[in-house]
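Participant: Below are the sequence and a predicted model for it; my questions follow.
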Amino acid sequence: MRIDIITCLPRLLESPFSDSILNRAQQKGLVAVAIHDLREYTTNKHRTTDDYAFGGGAGMVMMIEPIDNCITKLKSERPYDDIIYMSPDGELLTQPLANELSLKKNLILLCGHYKGVDERVREHLITREISIGNYVLSGGELAAAVVADSVIRLLPGVLNDETSALSDSFQDGLVAPPVYTRPAEYKGWKVPDVLLSGHEAKISQWKYEKSLERTKARRPGLLDGN
Ligand code: SAH
């Protein structure tokens with residue numbers, strides 16, 4: 001899989017991809033992440049990527065031309081399954097959406113900044129819009145990193161234990177059960193006996209019951225398919 005991220009602030013995207021699981025996934029060749037600096041696609045001499053809003057109002061707007069130049073260049077190099085604009089009013093990121101995106105081959109994630117992008121970008125250049133939640137961030141970079149992380153960890157071979165992503169919250173319509181590690185007792189706080197019993201069937205049953213209990217308490221909507 002390949003993910004191209006278009007941004008006017010590339011430095012914001014350096015660290016999320018240079019450590020731990022996301023870095024290893026790239027080292028293993030399971031995903032290629034390329035960051036594109038919009039300033040490289042400007043034609044004006046100050047290399048600006050934003051301008052004042054027509055009609056007035058506070059806040060700058062990202063110009064269409066550098067975005068078009070960058071997307072056109074990328075599209076000339078390979079076909080893309082989706083060109084996604086990160087937007088607070090887009091389709092909400094959920095586990096099923098991350099699962100769906102993990103099956104794609106090439107994706108572009110476009111990060112807005114300031115007041116967002118010229119509306120004509122949304123009308124003509126992109127194929128989809130994704131939001132990471134009903135709140136507003138200052139830029140799309142963190143949101144793009146969230147989308148990329150949720151997708152990359154699902155690619156086969158990225159997590160050491162192949163079953164690990166499948167046993168995470170939301171994958172089976174339930175949230176995850178509690179987890180514990182050593183020591184078995186700390187300050188008198190004990191790990192549930194069943195987890196130390198070595199009895200596989202009882203442990204699975206306990207995990208399922210805890211998942212169900214937590215889902216009822218915290219995300220009851222999941223049980224009705226929401
Ligand atoms: N004026 C816009 C907000 C712009 S925020 C509005 O009211 O809708 C600047 C940029 O941050 C956006 O263009 C978008 O790319 C990104 N962004 C902000 N919140 C986001 C969210 N919840 N999900 C995804 N991207 C977000």
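Facilitator: Arrived safely, thanks for sending.

Participant: biggest helix in the protein, by residue count?
Facilitator: helix 200-218 (DSSP state H).

Participant: list the buried ones in stretch 49-65?
Facilitator: 49, 50, 61, 62, 63, 64 (16 or more other C-beta atoms under 10 Å). Where C-beta positions appear, they are placed from N, C-alpha and C, glycine not excepted.

Participant: typo on my end, it should be stretch 168-175
Facilitator: Buried residues in stretch 168-175 (16+ other C-beta under 10 Å): 169, 170, 173, 174, 175.

Participant: just stretch 101-115 next, same as before
Facilitator: Buried, per 16+ other C-beta under 10 Å, within stretch 101-115: 101, 102, 106, 107, 108, 109, 110, 111, 112, 113, 114.

Participant: mind listing what the third one touches?
Facilitator: With contact taken as C-beta atoms under 8 Å, 6 or more residues apart in numbering, residue 106 is in contact with 1, 2, 3, 4, 78, 79, 80, 81.

Participant: So is stretch 101-112 next to the ligand?
Facilitator: Yes: using C-beta under 6 Å from any ligand atom, stretch 101-112 reaches the ligand at 111, 112.

Participant: what do you get for stretch 70-90?
Facilitator: Yes: shown here: stretch 70-90 in contact with the ligand (C-beta under 6 Å from any ligand atom) through 86, 87, 88, 89.

Participant: In helices, which of those appear?
Facilitator: When those are checked against helices using DSSP H, none is located there.
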